[in-house]
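Visitor: sharing a model that was predicted from the sequence below.
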Amino acid sequence: MSLPRSLAEAVAVDAKSPLQPFRARFALPEGVIYLDGNSLGALPVQTVARTADVVTREWGERLIRSWNEADWIGAPQRIGAKIADIVGAAPGSVIVADSTSVNLFKLIVAGMRAQPGRTEILTEPGNFPTDLHIAEGVASLLPGVTVRTVDAADIAGAIGPRTAIVLLTHVHYKHGARHDMAALSAAARAAGALSVWDLSHSVGAVPVALDADGADMAVGCGYKYLNGGPGAPAFLYVCEALQARLDSPITGWMGHADPFAFGDGYAPAAGVSRFLAGTPSVIAMLALESGVDLFRDAPREALFARGAALFDLFVARMAMLLPELVCVTPRAAGARGSHVSFRHADAFPIMQALIERGVIGDYRAPDILRFGLTPLYVGLADVWRAVDVLAEVVGSGIWREPRFSVRGVVT
Ligand SMILES: Cc1ncc(COP(=O)(O)O)c(C=O)c1O
Ligand SMILES: Nc1c(O)cccc1C(=O)C[C@H](N)C(=O)O
């Protein structure tokens, strides 16, 4: 796609995009250009009415009957099947549950226990902190198990006879580089190890083909590109061939084969349902489903193509207006996710000044300005304007005002 050469051209290209009507399906505030949907997705308009209905009618009026009548009980599997379609997985191989961190714990422990002779969790330094922390936590529970980190480029060659789990984040949260899922999953399998993929920055952002790429297990977030709301439930995937071999270490009653028999003994449910633990957070689940449904309405190819165009325009305009900000994200569409990151020593106050002007991205320590490009509700004209505002912020030096250096708990 050729890039627009003016704001007017960007507006015209947006107007013709099959994605443009989706912008009105999000409750974004007037005057805000939201480039942080890779951290917290925007609110779908339909979620407001849906959650109101869940609360007032399904819960308020129908009370406990809604577990059956409204199929609350089937939500983890039902929404899991919808997400499976987005990540290229068979319908019964994804379940919605818990947080990404808890799902990582369940899958890594399950994978370690399924391979008793192997004692290593292999991952990369600088992986998202929770992935590293959970891996270390699992290692501390299982005698002899260690975590080894090797640089991304050396992972395939580092998988050895001790390796049980190759734990990778598909799209890196900071610089946005994407691993070759097919190649690394194959390398893990060839060495007798199991792959675990964190799809938090991939699901809904880039094409994912878990089954076709030979992934063994995966986890991912519901609150980023799926627009499920803050703290939305996460999901997990286990490939069909492995499902009967893996057991959850959190043997809660919702993962039981027959929870409403209320028996004393534990027997795992068939398939991925055994990875449920306790009662799902129903309101949050159904808010997530609303976001997933909206995502599934969008033409998938056009969505990813628009994401690529947003990236190219962002990078091209930055190179023209702010060449001193170094882009740290790979340029090739197949080698990255749907966010773009730039390095600047004063990234924090620059981002705060930008946010004050209505362009919301985020800062990642120590020196990264990060912008999520979410083609459901961001267009080329937004990117054009955002780079103009950023250039004005950097050029004017306004960000040097002390108030822009004040940090909150969450950055
Ligand atoms: C790669 C990655 N994994 C996991 C998470 C979050 O995990 P959780 O849902 O447990 O907060 C994030 C973002 O917060 C992330 O970027
Ligand atoms: N999960 C988050 C939260 O609870 C508060 C603030 C930010 C987040 C995030 O999602 C961080 C995000 N995964 C990242 O890539 O930086």
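Guide: Cool, the structure landed. Ligands and ions are numbered 1, 2, ... in the order given.

Visitor: and the stretch 1-150 of the chain, which of its residues are near ligand 1?
Guide: Contact residues, the stretch 1-150 of the chain versus ligand 1 (C-beta under 6 Å from any ligand atom): Ser99, Thr100, Ser101, Phe128, Thr130, Asp131. No exception for glycine: its C-beta is placed from N, CA and C like everyone else's.

Visitor: between the residues you listed, which is closest to Gly157?
Guide: Asp131 (20.7 Å; C-beta to C-beta).

Visitor: which one is the closest one nearest to, not counting chain neighbours?
Guide: Asp198 (5.6 Å; C-beta to C-beta, 6 or more residues apart in numbering).

Visitor: just for the stretch 51-200 of the chain, where's the confidence low?
Guide: The stretch 51-200 of the chain contains no residues with pLDDT under 70.

Visitor: so the closest residue to ligand 2 within the chain: helix, strand or coil?
Guide: Closest to ligand 2 within the chain is Tyr173: 3.5 Å, counting by C-beta to the nearest ligand atom. Under DSSP: H, G, I helix; E, B strand; the rest coil, Tyr173 falls in the coil class.

Visitor: same question for Trp197.
Guide: From three-state DSSP, the assignment for Trp197 is strand.

Visitor: looking at it, it is touching Leu168, isn't it?
Guide: Yes. Using C-beta atoms under 8 Å as the test, Trp197 is close enough to Leu168 to be in contact (6.0 Å).

Visitor: please say which of these two ends up with more neighbours.
Guide: Taking neighbours as other C-beta atoms under 10 Å, Trp197 and Leu168 compare with Trp197 leading, 27 against 23.

Visitor: could you pull out the strands in the stretch 101-250 of the chain for me?
Guide: For the stretch 101-250 of the chain, applying DSSP state E, counting those that start in this stretch gives strands covering 120-123, 146-149, 163-169, 194-198, 217-220, 234-238.

Visitor: please name the nearest non-neighbouring residue to Tyr225.
Guide: Closest to Tyr225 by C-beta to C-beta, 6+ apart is Gly204, at 3.0 Å.

Visitor: is it true that the one you found touches Gly222?
Guide: No. If you go by C-beta under 8 Å, Gly204 and Gly222 don't touch, sitting 9.6 Å apart.

Visitor: list the contacts of the residue nearest to Ala345 when sequence neighbours are not counted.
Guide: Computed as C-beta to C-beta, 6+ apart, the closest residue to Ala345 that is not its neighbour in sequence is Asp367, at 5.7 Å. Counting by C-beta atoms under 8 Å, 6 or more residues apart in numbering, Asp367 touches Arg343, His344, Ala345, Ala347.

Visitor: and the nearest residue in space to the first one that is not next to it in sequence, backbone torsions?
Guide: The reference is to Arg343. Of all residues not flanking Arg343 in the chain, Val326 sits nearest, at 4.6 Å (C-beta to C-beta, 6+ apart). The phi and psi values for Val326, taken as degrees, to the nearest 10, are phi -90, psi 130.

Visitor: Val326: neighbour count?
Guide: 12.

Visitor: for it, which residues are in contact?
Guide: Phe342, Arg343, His344.

Visitor: most neighbours, which of these?
Guide: Phe342 leads these on contacts (other C-beta under 10 Å) with 23 neighbours.

Visitor: just list the residues touching the nearest residue to Ser405 once chain neighbours are set aside, thanks.
Guide: Using C-beta to C-beta, 6+ apart and skipping residues adjacent in sequence, the residue nearest Ser405 is Pro349, 4.9 Å away. Taking C-beta under 8 Å, 6+ apart, we find Pro349 in contact with Trp399, Arg400, Glu401, Phe404, Ser405.
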